[in-house]
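*Asks:* got a predicted structure here, sequence first:
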Amino acid sequence: METTSIAGLGILIVTFLISYKGIEDYGFLDQYSFKIGAILIHKDYKRLFTSGFLHADWPHLIFNMLTFYSFSSSLEMTLGIPRFLALYFGSLLGGNLLALYIHRNHAGYSAVGASGAVSGLVFTSIALFPGMELGLLFLPLSIPGWAFGLLYTLYTLYGIKSKKDNIGHEAHLGGGLFGLGSAILMFPHVLQENYLPILLIVIPSSVFLFLVITRPDFLLAENPFLKHKGVLTVDDKDNIKRRANEKELNELLEKIANTGIQSLTPKEKERLEKLSNNK
């Protein structure tokens, strides 16, 4: 790609400036990051968007913006500025909404980054141009877009299930699927012409989401602290207490979701505040 077009350049500049402010000022980062408790309890919905302009550190920012730069111009020229912006911010929102759903009972969960929005651009490009060659960072090789889409989807699903890293895979999946759906809505002919690469992404993602929705325990990780019978260590007891507190917090959040925060008793509100501060 030779140049970055108007909307893409604007997003790059604004994201860089706001991310710089967040990296240098943790209070600013905390105020506008994606935080489950702040969104669900305090209805601070702006965080669904503002978190996409923040990044945890320079490598996080540079990686996301390099990926954005690689896809933004061609898509902006193909879609036009209004649809490009709708795609970008729709993917950002879609990614955060999926993360909000999956982590709805984890009041302490927080995240930042434009990864969901960028994933939307990547998946849109794969739907429109499945034969394009995508290079792998720091490796002297490239693979077809459809193969990258499949591998990336499987890696993302594994990341959500395993919880073995600190990456917001849920936002990647939600943003990517929004981008894929947007491509089909804007250009229905791609569903007929490029149905195979689209199905390679949609089928495993749909099965995974079906399990997430219909089986509440599907994403529960095995408790590693209770694998062995015998005397519990201090760490074991601390972790059991932590899990009990998390269960109590989840029950309070569930009550808020069903009947509103006003339904909590003064004692429950005090307990909610204490549990939230201990996360």
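*Replies:* Received, thanks.

*Asks:* can you give me the strands for the stretch 101-250 of the chain?
*Replies:* Remark: strands assigned in the stretch 101-250 of the chain by DSSP state E, counting those that start in this stretch are 110-111, 133-135, 142-144.

*Asks:* so which of these comes closest to Val212?
*Replies:* strand 110-111 (17.7 Å; C-beta to C-beta). Placement of C-beta: from N, CA and C, glycine included.

*Asks:* pick the most buried one from the strands of the stretch 101-250 of the chain.
*Replies:* Burial of the strands of the stretch 101-250 of the chain is given as mean neighbour count (mean count of other C-beta atoms under 10 Å); strand 110-111 ranks first at a mean of 22.

*Asks:* so what does that one touch, helix or strand wise?
*Replies:* strand 34-35 (3 or more C-beta pairs under 8 Å, 6 or more residues apart in numbering; DSSP states H and E).

*Asks:* chain center to the very next helix or strand once past the strand it packs on, what's the gap?
*Replies:* Remark: after strand 34-35, the chain's next helix or strand is helix 36-40, criterion DSSP states H and E. Distance of helix 36-40 from the chain centroid (C-alpha atoms, centre = their mean, to the nearest Å) equals 15 Å.

*Asks:* weakest of the strands of the stretch 101-250 of the chain in terms of mean pLDDT?
*Replies:* In terms of mean pLDDT, the lowest-scoring of the strands of the stretch 101-250 of the chain is strand 133-135 (a mean of 74).

*Asks:* confidence score at Thr50?
*Replies:* Looking at Thr50, the pLDDT reads 97.

*Asks:* hmm, I was thinking of Ala7
*Replies:* 93.

*Asks:* which residues sit in contact with the residue nearest in space to the middle of the chain?
*Replies:* Centroid-nearest residue in the chain: Ala171, 1.4 Å away (criterion: C-alpha atoms, centre = their mean). Listed by C-beta atoms under 8 Å, 6 or more residues apart in numbering, the contact set of Ala171 reads Gly95, Asn96, Leu98, Ala99, Ala111, Gly113, Ser115, Gly116, Ser119.

*Asks:* contact partners for Thr124?
*Replies:* By C-beta under 8 Å, 6+ apart, Thr124 lies in contact with Leu75, Leu87, Gly179, Leu180, Ser182, Ala183.

*Asks:* can you pick out the most distant pair from those?
*Replies:* Leu75 and Leu180 (13.1 Å).

*Asks:* buried ones among the contacts of Ala171?
*Replies:* For these, a burial check counting by 16 or more other C-beta atoms under 10 Å picks out Gly95, Asn96, Leu98, Ala99, Ala111, Gly113, Ser115, Gly116, Ser119.

*Asks:* could I get those residues as TSV with distance to Gly27?
*Replies:* As requested, these are exported to TSV (distance: C-beta to C-beta, whole Å):
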residue	distance to Gly27
Gly95	25
Asn96	21
Leu98	28
Ala99	23
Ala111	17
Gly113	18
Ser115	23
Gly116	24
Ser119	28
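
*Asks:* what's the closest of the contacts of Ala171 to Ile23?
*Replies:* Gly113 (12.1 Å).

*Asks:* show me where the stretch 151-279 of the chain has helices.
*Replies:* Counting by DSSP state H, counting those that start in this stretch, the stretch 151-279 of the chain has helices at residues 169-186, 189-193, 195-214, 234-259, 266-277.
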